[in-house]
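1. Need coordinates for the below:
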Amino acid sequence: MRNLSVSNSSPFFISAKSMKDFLEFLSVFIGRLGILGLVVALFSVGTIIAESRQILLPVLVMEWSRTLLILGLAMFVTGGMLQIGQGFKWLVEITAPQSDEQRAARGSELKVISYLYSLGGDEFECFYKILNSGKASFRVDITAPAKSLVQKNLLVWKEDISPSQWVCTLHPFIEGNRSRILTGFGDAMRGRPRLF
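-> Numbers count the residues shown, from 1 in each chain. Presented below is the predicted three-dimensional model:
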């Protein structure tokens, strides 16, 4: 059976990246087209004013001045509309409501931050040792203060080792901000009020 797939070496193959690059180039070009259109329109207006004041100009310039004025205005309006469209797109992206997943992730992060502030003495020391170890996963004894860290979702359960021990990892938000949290813990231990 004959293979009908298009290979990357085909002269007609267009990758998504090259198409994106082309569209970005086209967007910038059309945006600059507005500036060029304004220059052409101003030149044409100047030519028309000079013609009305009976200043001698080459015949070709006087014949094309009105056509260039229309072309310049069209280019200016096209470039301006593109800029307005890009501004509107940016505004929509900024003010768009977050997806349910983004809201849930942000809610989870806020809970984790609130739990960090609510750590008691033993929990604080235990969590500081875990963070400071630099390890990706931890053995947690369910009778130790680490059990409450799992209940507060600061540590995430991965598997049981025995009835009294689990393997846990840090919450993804904590893992991503480990150094900032360690700095905040250090400040808190030195008596500074800022934890995170």
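2. The residue located most distally from the centre of the chain in helix, strand or coil?
-> In terms of distance from the mean C-alpha position of the chain, residue 54 ranks first, at 57.2 Å (C-alpha atoms, centre = their mean). Local secondary structure at residue 54 is given as coil here, using DSSP: H, G, I helix; E, B strand; the rest coil.
3. which residues does the nearest residue to residue 152 once chain neighbours are set aside contact?
-> Nearest non-adjacent residue to residue 152, counting by C-beta to C-beta, 6 or more residues apart in numbering: residue 115, 4.2 Å away. All C-beta spots, glycine's among them, are computed from the backbone N, C-alpha and C. Going by C-beta atoms under 8 Å, 6 or more residues apart in numbering, residue 115 touches 152-154.
4. any idea how the chain splits into domains?
-> 16-94, 104-189 (automatic domain parsing).
5. circling back: now tabulate the contacts of residue 115 in JSON lines and tack on neighbour count and pLDDT.
-> Output for those, formatted as JSON lines (neighbours: other C-beta atoms under 10 Å; pLDDT from 0 to 100):
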{"residue": "152", "neighbour count": "18", "pLDDT": "81"}
{"residue": "153", "neighbour count": "15", "pLDDT": "77"}
{"residue": "154", "neighbour count": "24", "pLDDT": "81"}
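6. check which helix or strand covers the residue nearest to residue 152.
-> Element membership for residue 115, per DSSP states H and E: helix 100-117.
7. which residues of the chain fall in strands?
-> 137-141, 155-162, 165-170 (DSSP state E).
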